[in-house]
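Peer 1: sequence first, then the predicted structure, then my questions.
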Amino acid sequence: MTRDPSAATVREQVAVVDPTVSVETVDAVDRGRSAVFAVTVTREGETTDWFLKLAPEADDGGIPADARLTTLLADRTDVPVPTVHGVVDDHPDLPTPYYVSSALGGDALDYAEVGWLSDDALARLARETGSALGQLHAVDAVDSFGLVRPARTRSYAGERPTGGVDDLAVRGPDSWHEWLEAWLDSELDRHADSRFGDLTPRLRSWAESRLPTVAEPAHPVLGRNDHGLHNLLLDAETGEMRAMLDWAYTLAVAPAFDFHYAEYIYGGRYLAGIEAVPDRQSLVRESMLAGYRSVAPDRVEWVAEPRPLYDLLASMRVQIDFDLLAPQLPEGTGEAVAEGLRTDAERLLAGEHRYAD
């Protein structure tokens, strides 16, 4: 559930971050769980577009982490992200947490529209995604596995985050295998409640048989985790990435886990039930590896090794969230996509996945 503050409240929130600007317009934007507002501000006669992102009522929506991670990436990488002007973790009179950031241009597409990008546009998007992940994974920010949260040592009252790793904390195990086992168990429990729940027992057995073969990575890395067109702004014609948005649910993970999930999502294999959507998993994989190699040639082996278990986890998340995906699909294709996902899972269980064990 999102909040719906008045325009006057939004003006007050912006003033906490920067009292030198005048807010001219406030428009709500329908984007995700959080309340997002496009605002135009003026200073000394110059007009600028900003965004204000406010947590839902139920929880903090990852807003404090999002602001801190976005700033860290702006300062330490070339990953295209907005400029965070300031974050407010708490306030006695205004709804919080929220942050105010710059606005970046580009097309906002639905998750499933990846299936209809041209080959050239998809290859460019995949290459730039690989480059972004190569840079992200190189940031030395975490030493254990789990959800990346704000450190408890500092609270912001409108300032721009420092962009330092000291602003972040991960309260999870030092063992990747321990974290992955718990994550898998949680995802399987969620999967059991989905329309694909009849597959869950066999998927559980298949996955648990492969868990012991998963090697510990050299160290954890920041993982994008929440991959998909819904969290990007891009040029839909060329595939140029203009912005990677929403870092609220960043995980500290093994590099290959993050890479494989992006590869699965942008390859569009979950759309295989639609005959008009081609299988472009190989195109995406090779383009992502090229992008990763261009910025991290000495670390590409971190992500290049095939991992069917990570493919399964990516597929399961789409299955779990199928009710969110279905409204974005072309009319009359929902059942075909669901059947395609089921067939893909059955093939994996039969040992027919695209990677050799």
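Peer 2: It's in.
Peer 1: my read is that L94 contacts E12, right?
Peer 2: Yes - using CB atoms under 8 Å, L94 makes contact with E12 at a distance of 5.9 Å. The way it works is simple: take the backbone N, C-alpha and C, and place the C-beta from them, glycine included.
Peer 1: quick one: D107 and P82, what's the gap?
Peer 2: The spacing between D107 and P82, counted by CB to CB, to the nearest Å, is 16 Å.
Peer 1: how about D119?
Peer 2: In terms of CB to CB, D119 sits 29 Å off from P82.
Peer 1: ok, these two, which is more surrounded?
Peer 2: Using other CB atoms under 10 Å as the criterion, D119 and P82 rank with P82 on top: 23 against 11.
Peer 1: check contacts around the nearest residue to the more buried one once chain neighbours are set aside.
Peer 2: For P82, ignoring the flanking residues on the chain, the nearest one in space by CB to CB, 6 or more residues apart in numbering is S101 at 4.0 Å. The contact partners of S101, taken as CB atoms under 8 Å, 6 or more residues apart in numbering, are 50-51, 53, 67, 70, 82-85.
Peer 1: what's the PyMOL syntax to select whichever of those residues are buried?
Peer 2: Restricted to buried positions by 16 or more other CB atoms under 10 Å, the PyMOL selection for those reads:
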select buried, resi 50+51+53+67+70+82+84+85
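Peer 1: which of the contacts of S101 fall within strands?
Peer 2: Taking DSSP state E as the definition of strands, the contacts of S101 contribute 50-51, 53, 84-85.
Peer 1: can I get those in a markdown table including distance to Y270 and pLDDT?
Peer 2: As requested, the ones in strands among the contacts of S101 are exported to a markdown table (distance: CB to CB, whole Å; pLDDT from 0 to 100):
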| residue | distance to Y270 | pLDDT |
| --- | --- | --- |
| W50 | 35 | 98 |
| F51 | 29 | 97 |
| K53 | 28 | 97 |
| V84 | 32 | 98 |
| H85 | 37 | 98 |
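Peer 1: pick the one among these closest to L325.
Peer 2: Closest approach to L325 among these (CB to CB): K53, at 23.3 Å.
Peer 1: test my guess that that closest one contacts A38.
Peer 2: No - the criterion here is CB under 8 Å, and K53 misses it with A38 at 10.6 Å.
Peer 1: so what does the helix of greatest length in the chain touch, helix or strand wise?
Peer 2: What stands out as the longest helix in the chain, according to DSSP state H, is helix 119-138. In terms of contacts (3 or more CB pairs under 8 Å, 6 or more residues apart in numbering; DSSP states H and E), helix 119-138 is packed against strand 221-223, strand 241-244, helix 255-267, helix 281-295, helix 301-304.
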